[in-house]
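Peer 1: structure for the following, please:
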Amino acid sequence: MSIAFRPATHADIPAVVALVESAYRGDSSRRGWTTEADLLGGQRTDSDGVRALIDQEGSLLLLAERDGDLLGCANLERQGDAAYFGMFAVDPAVQGGGVGDAILCECERIARDWGLASLRMTVFWMRRELIAWYQRRGYAATGERVPFPYGDERYGLPTRDDLWFEVYAKPLV
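Peer 2: Alright, predicted model coming up:
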């Protein structure tokens, strides 16, 4: 069955928050391979954060659905001549079935249509399996690091003091 893509609306906010939380936090996230439950407690996002992405100019919160069921999401933000790829989440029950690949490919297509030269993302440095997944899709480390926002509970409650992100990018032209 094919995956349908559409932009998120305010009506989708509760479902998006639930999806992102299920993919990254708590016991439900452990069913998939994208869990951050061993790195962070607390929330991954909230309604205000999702609303801000939907309302932000130059931002697209993309939903992936099959037969009306939300399978995954990702956010694209224009940042100069690149698109930033974030808020990437796939329902743990369907991880490993090609949904994430389809979302990433669709985001790359959209960024190309926007006329942007590359897609950039940040990934926790210790998430080697996830980094390898991106590398198999043509992403490479840029050498840049982004600090984790310690002290801002909107991004979770760290369980360790060595969190930071590596920046990965892929040329789109």
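Peer 1: got any ranges where the protein has weak pLDDT?
Peer 2: 1, 26-35, 37 (pLDDT under 70).
Peer 1: show me where it has its helices.
Peer 2: Taking DSSP state H as the test, the helices found in the chain are 13-24, 26-29, 47-55, 99-113, 128-136.
Peer 1: winner for burial among those?
Peer 2: Ranked by mean neighbour count, those are led by helix 13-24 with a mean of 20 (mean count of other C-beta atoms under 10 Å). Every residue, glycine included, has its C-beta placed from N, CA and C.
Peer 1: could the helices of the chain go into JSON lines alongside distance to F85?
Peer 2: Conversion of these to JSON lines gives the following (distance: least, C-beta to C-beta, whole Å):
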{"stretch": "helix 13-24", "distance to F85": "14"}
{"stretch": "helix 26-29", "distance to F85": "20"}
{"stretch": "helix 47-55", "distance to F85": "12"}
{"stretch": "helix 99-113", "distance to F85": "6"}
{"stretch": "helix 128-136", "distance to F85": "10"}
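Peer 1: please name whichever of those is nearest to G41.
Peer 2: Using C-beta to C-beta as the measure, helix 26-29 is the one of the helices of the chain that comes nearest G41, at 8.4 Å.
Peer 1: what sits against the residue most central in space within the chain?
Peer 2: Nearest to the geometric centre of the chain sits F88, at 1.8 Å (C-alpha atoms, centre = their mean). F88 makes contacts with 72-75, 100, 103-104, 121, as judged by C-beta atoms under 8 Å, 6 or more residues apart in numbering.
Peer 1: over to Y168?
Peer 2: 120-123, 131, 134-135, 139-142.
Peer 1: before we move on, what about E144?
Peer 2: Contact analysis of E144 by C-beta under 8 Å, 6+ apart lists 166-167.
Peer 1: if I look at it, how far off is Y84?
Peer 2: According to C-beta to C-beta, to the nearest Å, E144 and Y84 sit 12 Å apart.
Peer 1: ok, so of the contacts of Y168, who is nearest F5?
Peer 2: Checking the contacts of Y168 against F5 with C-beta to C-beta, the nearest one is M121 at 18.4 Å.
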